[in-house]
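Engineer: Could you look at this predicted model? Sequence included:
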Amino acid sequence: MAPVVREVAAIYPGAQPVVVVDVNMSFGAMVRFMVKWALAAVPAAIILVILFWGVTSFLSFL
């Protein structure tokens, strides 16, 4: 067991490490999930660009 897993297991008594070996999703469900993921990335990218622009503008005026 990895040291990090041991530390977390010590913090949360009764917790057990889990390994996911398979995800059972139909192709259509996977496509819908990926489309939602792509659509959610657009506003996230816009927010990151605005933050980057703000930080660079602030630092350039110092």
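Structural biologist: The structure has been received and is ready for your questions. Residues are numbered from 1 along each chain as shown.

Engineer: Neighbours of residue 40, how many?
Structural biologist: Residue 40 sits with 10 neighbouring residues when counted by other Cβ atoms under 10 Å. For glycine as for every other residue, the C-beta is placed from the backbone atoms N, C-alpha and C.

Engineer: which residues in the protein form helices?
Structural biologist: Taking DSSP state H as the test, the helices found in the chain are 3-11, 27-60.

Engineer: Turn these into CSV, columns for distance to residue 21.
Structural biologist: As requested, the helices of the chain are arranged in CSV below (distance: least, Cβ to Cβ, whole Å):
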stretch, distance to residue 21
helix 3-11, 17
helix 27-60, 17
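
Engineer: Which of these has the lowest mean pLDDT?
Structural biologist: Lowest mean pLDDT within the helices of the chain: helix 3-11, at a mean of 86.

Engineer: for that helix, the distance to its chain's centre please.
Structural biologist: Relative to the chain's own centre, helix 3-11 is displaced by 21 Å; criterion: Cα atoms, centre = their mean, to the nearest Å.

Engineer: do stretch 12-23 as well
Structural biologist: On Cα atoms, centre = their mean, the centre of stretch 12-23 falls 18 Å from that of its chain.

Engineer: Need the residues that contact it.
Structural biologist: Applying Cβ atoms under 8 Å, 6 or more residues apart in numbering, the contact partners of stretch 12-23 are 1, 5, 8-9.

Engineer: ok, the residues you listed vs residue 47, which is closest?
Structural biologist: residue 8 (30.4 Å; Cβ to Cβ).

Engineer: quick revisit: of all the contacts of stretch 12-23, which two lie farthest apart?
Structural biologist: Maximum pairwise distance among the contacts of stretch 12-23 (Cβ to Cβ): 10.2 Å, between 1 and 8.

Engineer: about what we covered before: which one of the contacts of stretch 12-23 is nearest to residue 56?
Structural biologist: Lowest distance from residue 56 to the contacts of stretch 12-23 (Cβ to Cβ) belongs to residue 8, with 37.5 Å.

Engineer: gap between residue 59 and residue 14?
Structural biologist: 48 Å (Cβ to Cβ, to the nearest Å).

Engineer: I am finished for the moment; much appreciated.
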